[in-house]
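K.L.:
I would like to see how this sequence folds:
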Amino acid sequence: MTGCSSGIGLDAARTLTARGWRVFATCRKEADCARLRDDGLESFVLDHRDPASIGTAITEATTRTGGTLDAVFCNAGYGLPVLIEDLPAFVLKDMMETNFFGVHEIVRRVIPVMRAQGYGRIINCSSTLGFSAIRWRAPYVASKFALEGYTDTLRLELAPDNIHAILIEPGPITSNFRLNAKAQFEAHIDWESSAKRAAYEAKILPRFARDIDAKDPFELPASAVTAKLIRALEARRPRPRYLVTTPTYMSYWARRLLPTRLADWFLAKA
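P.N.:
Take a look at the predicted model:
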């Protein structure tokens with residue numbers, strides 16, 4: 001399980017461990033792994049952007065289990081608000097490395113293990129923005145759209161091997177996501193030089209200035225994702241995708257039932 005330092009990953013690791021699963025809760029930083037080990041979890045480093053750390057982590061996990069791996073939950077990722085015209089290419093590349101290419105590296109390494117044992121589940125944490133675009137989120141949307149198509153293809157390819165590829169698609173979830181997005185924005189986005197500076201001042205900066213404990217409408221705790229993850233792990237025939245939060249359901253059906261222009265209007269208002 002990746003991205004376990006906080007939020008979705010941490011809640012899932014703790015809940016599944018209490019439920020009787022043996023969980024390897026990985027994090028990008030060793031300090032976070034040490035904190036999780038102090039809490040009684042098995043934890044070691046895995047950085048989605050570092051193929052060597054991915055290989056080391058999977059070897060560590062399979063060594064501890066004697067060569068088996070029932071499931072993997074790829075959860076690590078981040079986003080930031082930015083208009084496409086102000087998006088540096090290196091920021092897009094880094095987000096794709098974290099949110100998408102790192103997942104691919106993990107998947108390639110676990111498939112032989114799961115095929116050899118005759119079963120397995122690969123569960124990728126996507127987003128409502130994996131099938132429905134909104135303004136200000138182009139790099140995140142791009143990475144999650146890629147993950148959706150990738151996982152759908154993976155599901156078709158691995159079906160004969162009894163390996164299930166599953167998507168979990170959350171909307172707003174209580175986590176450090178906004179804090180991390182703010183840090184990335186401040187480090188990499190030159191909004192003051194943007195032709196749309198006034199839009200940043202009106203839409204983005206006030207959002208960052210809010211009390212970080214304030215919740216978005218319809219926001220759910222990380223446990224809502226864990227509940228769907230448990231279904232994905234334990235159902236005899238898991239669904240291809242599990243939606244989480246009301247906005248995800250609204251976006252899902254808007255994209256499927258409404259004409260594109262009407263769906264765009266609805267999502268812009270939302």
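
K.L.:
which residues touch residue 184?
P.N.:
By CB atoms under 8 Å, 6 or more residues apart in numbering, the residues touching residue 184 are 78-80, 91. For the C-beta atoms, the positions are set from N, CA and C on the backbone; glycine is no exception.

K.L.:
now residue 94
P.N.:
Neighbouring residues of residue 94 by CB under 8 Å, 6+ apart: residue 49.

K.L.:
again, but for residue 27
P.N.:
3-5, 9, 33, 36, 43, 45-46.

K.L.:
quick one: the residue nearest to it when sequence neighbours are not counted and residue 152, what's the gap?
P.N.:
By the measure of CB to CB, 6 or more residues apart in numbering, the closest residue to residue 27 outside its immediate chain neighbours is residue 5, 4.4 Å from it. If you measure residue 5 against residue 152 using CB to CB, to the nearest Å, the figure is 29 Å.

K.L.:
name the residue in these two with the higher neighbour count.
P.N.:
Neighbours per residue, other CB atoms under 10 Å: of residue 5 and residue 152, the larger number sits with residue 5, 21 against 14.

K.L.:
picking that back up, narrow the contacts of residue 184 to those in helices?
P.N.:
residue 91 (DSSP state H).

K.L.:
mind checking which of the contacts of residue 184 are buried?
P.N.:
For the contacts of residue 184, a burial check counting by 16 or more other CB atoms under 10 Å picks out 78-80, 91.

K.L.:
what about the helices in this structure?
P.N.:
Along the chain, the stretches classed as helices by DSSP H are 7-18, 30-38, 51-65, 89-96, 102-117, 138-158, 177-188, 197-199, 205-209, 223-234, 246-257, 260-269.

K.L.:
from the chain's centroid, how far away is the second one?
P.N.:
So that's helix 30-38. In this view, helix 30-38 has its centroid 21 Å away from the chain centroid, taken as CA atoms, centre = their mean, to the nearest Å.

K.L.:
and for stretch 74-94?
P.N.:
A distance of 14 Å separates the C-alpha centroid of stretch 74-94 from that of its chain, computed with CA atoms, centre = their mean.

K.L.:
and it, what's buried?
P.N.:
Buried residues in stretch 74-94, defined by neighbour count with 16+ other CB under 10 Å: 74-83, 86-87, 91-92, 94.

K.L.:
pick the one among these closest to residue 205.
P.N.:
Sorting the buried residues of stretch 74-94 by how near they are to residue 205, with CB to CB, puts residue 81 at the top with 10.0 Å.

K.L.:
wait, what's in contact with that closest one?
P.N.:
Counting by CB under 8 Å, 6+ apart, residue 81 touches 136-137, 181, 185, 204, 207.

K.L.:
same check, this time on residue 192
P.N.:
When the contact criterion is CB under 8 Å, 6+ apart, residue 192 has no partners at all.

K.L.:
quick revisit: now the contacts of residue 81 as a markdown table including distance to residue 53 and neighbour count?
P.N.:
Putting the contacts of residue 81 into a markdown table (distance: CB to CB, whole Å; neighbours: other CB atoms under 10 Å) gives the following:
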| residue | distance to residue 53 | neighbour count |
| --- | --- | --- |
| 136 | 31 | 17 |
| 137 | 27 | 19 |
| 181 | 23 | 20 |
| 185 | 26 | 19 |
| 204 | 32 | 21 |
| 207 | 33 | 14 |
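
K.L.:
out of these, which comes closest to residue 268?
P.N.:
Lowest distance from residue 268 to those (CB to CB) belongs to residue 136, with 11.2 Å.

K.L.:
which residues touch the residue nearest to residue 134 when sequence neighbours are not counted?
P.N.:
Once flanking residues are discounted, residue 134 sits nearest to residue 267: 5.7 Å by CB to CB, 6+ apart. Applying CB under 8 Å, 6+ apart, we find residue 267 in contact with 132-134, 251, 254.

K.L.:
which non-adjacent residue is nearest residue 48?
P.N.:
Distances taken as CB to CB, 6+ apart put residue 102 closest to residue 48, at 2.6 Å, once the chain neighbours are dropped.

K.L.:
residue contacts, the one you found?
P.N.:
Counting by CB under 8 Å, 6+ apart, residue 102 makes contact with 2, 47-49, 54, 74, 76.

K.L.:
from residue 144, how far out is it?
P.N.:
Summarising the geometry, the distance separating residue 102 from residue 144, computed by CB to CB, is 13 Å.
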